[in-house]
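Visitor: okay, here's the prediction I keep looking at, along with the sequence it came from:
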Amino acid sequence: MLNNLKNTQQVYLVTGYTDLRRSIDGLAAIVQAQLKLDPYNSALFLFCGRRCDRIKGLLWEGDGFLLLYKRLDNGKFQWPRNETEALQLTPQQTRWLMEGLKIEQPKAIREGKRGVLY
C-alpha cells in the first residue's frame, strides 16, 4: 500500500521521533495539535520512531481512518529529525523515502527552467 500512493494528493512527513505505540487517535492528535494541520483532508501523514526501521501512515478515506504500518527487514529509513515539523513531499521524494533513500538527493537532476536557452 505505501508503495502505491498515486491516489493520494498530499504526503506529509512528520519529522522527529514519534512513539509508534500511538493509535489512530494519538497520531491524529499530533497532526491537529502540534502540526496545526487537518487530519481529515485526505492527506497521508507518515511517522517514524527511534529505530528508523518502521513507519506508520495515517490516511483519512472519507468514512474512516486507515492506519498503515511498514517494517523493513533490512535497512533503515532516512528520516529528518527536526522536531515537530511536517514536510510536504513530492511524488519523487515519496518514492525515494520508500526505497530507503534520503528525500533530498544532492546529485538528482532538477527540473529545468522554461525559457532558458543557451
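Guide: Perfect, I can see it now. Residues are numbered from 1 along each chain as shown.
Visitor: top helix in the chain by residue count?
Guide: If you go by DSSP state H, the chain has its longest helix at helix 91-98.
Visitor: now do that helix: which elements does it pack against?
Guide: With contacts taken as 3 or more CB pairs under 8 Å, 6 or more residues apart in numbering; DSSP states H and E, helix 91-98 sits against strand 11-14. Using the backbone N, CA and C atoms, a C-beta is placed for each residue, glycine as well.
Visitor: would you map the strands across this protein?
Guide: 11-14, 44-48, 54-60, 65-71, 86-89 (DSSP state E).
Visitor: got those as JSON lines, with mean pLDDT, mean neighbour count and distance to residue 103 columns?
Guide: Compiled in JSON lines, these are given as follows (pLDDT from 0 to 100; neighbours: other CB atoms under 10 Å; distance: least, CB to CB, whole Å):
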{"stretch": "strand 11-14", "mean pLDDT": "91", "mean neighbour count": "22", "distance to residue 103": "7"}
{"stretch": "strand 44-48", "mean pLDDT": "94", "mean neighbour count": "24", "distance to residue 103": "11"}
{"stretch": "strand 54-60", "mean pLDDT": "93", "mean neighbour count": "20", "distance to residue 103": "13"}
{"stretch": "strand 65-71", "mean pLDDT": "92", "mean neighbour count": "13", "distance to residue 103": "16"}
{"stretch": "strand 86-89", "mean pLDDT": "85", "mean neighbour count": "16", "distance to residue 103": "6"}
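Visitor: need these in CSV (columns: distance to residue 98).
Guide: Shown next, in CSV, are the strands of the chain (distance: least, CB to CB, whole Å):
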stretch, distance to residue 98
strand 11-14, 10
strand 44-48, 10
strand 54-60, 9
strand 65-71, 8
strand 86-89, 10
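Visitor: still on that earlier bit, buried sites along the longest helix of the chain?
Guide: 93, 94, 96, 97, 98 (16 or more other CB atoms under 10 Å).
Visitor: got a pLDDT number for residue 30?
Guide: We note a pLDDT of 93 for residue 30 in this prediction.
Visitor: run a quick neighbour tally on it.
Guide: Residue 30 has 21 neighbours, counted by other CB atoms under 10 Å.
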